[in-house]
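K.L.:
Quick one, what's the 3D model for this:
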Amino acid sequence: GGGGGGGGGVGAAGIPATPQPTSAIFQGKAYPEALITLLKNGAVAATVTAQDDGNFTAALTGLSGGIYTFSLWGEDTEQRKSVTLSFTVSILAQMTTTISGIFLSPTIDLGAAVVSKGENLPIAGQAFPKSDIQIFVNSKEITRKTPSTEKGKWQYDFDTNLLDVGSHIARAKTLAASGEQSAFSELENFVVLPKEAKACEKGDLNGDGRVNLTDVSILFFWWGKANNCADQNHDGIVDLIDFSILLYYWTG
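P.N.:
Alright, predicted model coming up:
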């Protein structure tokens, strides 16, 4: 009997501790109330909402040890998206791996796809609160800076007198007070017209006297949205009817 008891003691001592779960925690900066989507090897693994201060934490449990590709993006309160960040991480079994220092790009939106030279072009979006938003406009490399509010919103009215007539690109990045920099935002395309150009008439959305693929690109930029220029029949939405009107006036 005593021997059996001794054996039981050895058995109790020999029981391994409960294995720790294999998990990953993602921490970073986004925008207040942003919806963060996390992909694991191309499939949605989690969605979380950023805190009011713009920070977010997402946790994945039930993983196996191994190498994973994670992707992550944010969507702001006006349904604009950041660029997608992707990274490959080696996850150790029965441990929690923390991936910190993620910094999502600001979202960006232009007030118009077509402006006459001399008009201000509103550029806006959301970013990490109380940061500097650095705006880059090409074809000339012009850089401007504007602050984000406590709610992460930012806007800058860009003076198009600085630009040549033609096509241009705007993008932005966030410079946090702590010194960290985000990735670049999405690229936004826009066209500057001569001051005297009559834009938008008869499918000529960029006022160059022709109706061609450039005008189609502008129309598709506004597809499903309201825009006085691309909305050729002025029914409040850019759709197939407006595309048909553009094709009617096609010059190529």
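K.L.:
from here on, contacts and neighbour counts on C-alpha atoms
P.N.:
Noted.
K.L.:
got a list of what the nearest residue to Thr96 once chain neighbours are set aside touches?
P.N.:
Closest residue to Thr96 apart from its sequence neighbours, by CA to CA, 6 or more residues apart in numbering: Ser23 at 4.7 Å. Contacts for Ser23 (CA atoms under 8 Å, 6 or more residues apart in numbering) come out as 59-63, 91, 94-97.
K.L.:
Quick check: the farthest pair among the residues you listed?
P.N.:
Maximum pairwise distance among the contacts of Ser23 (CA to CA): 14.7 Å, between Ala59 and Gln94.
K.L.:
Now tell me what touches whichever strand or helix holds Thr57 from outside.
P.N.:
Element membership for Thr57, per DSSP states H and E: strand 55-60. Applying CA under 8 Å, 6+ apart, the contact partners of strand 55-60 are 23-32, 38, 45-50.
K.L.:
Now, of those residues, which are buried?
P.N.:
23-24, 26-32, 38, 47-50 (16 or more other CA atoms under 10 Å).
K.L.:
Which phi and psi values does the most centrally placed residue in the chain adopt?
P.N.:
In the chain, the centroid-proximal residue (CA atoms, centre = their mean) is Ser82; its distance is 1.0 Å. Main-chain dihedrals, Ser82, degrees, to the nearest 10: phi -80, psi 170.
K.L.:
residues contacting it?
P.N.:
Taking CA under 8 Å, 6+ apart as the test, what Ser82 contacts is 73-75, 104-107, 185-186.
K.L.:
Also Trp222?
P.N.:
230, 238.
K.L.:
just the one 4 residues further on next, same as before
P.N.:
Under the criterion of CA under 8 Å, 6+ apart, the neighbours of Ala226 are 236-238.
K.L.:
what does Glu150 give?
P.N.:
Per CA under 8 Å, 6+ apart, neighbours of Glu150: 53, 129-130.
K.L.:
measure it to Cys200 for me?
P.N.:
Between Glu150 and Cys200 the computed distance is 38 Å (CA to CA, to the nearest Å).
K.L.:
ok, now Gly74?
P.N.:
34 Å.
K.L.:
Looking only at neighbour counts, state which of the two leads.
P.N.:
Gly74 (29 against 20; other CA atoms under 10 Å).
K.L.:
which residues touch the strand or helix carrying the more buried one?
P.N.:
Here Gly74, judged by DSSP H and E, is contained in strand 66-75. Here strand 66-75 makes contact (CA under 8 Å, 6+ apart) with 30, 34-42, 81-93, 104, 107.
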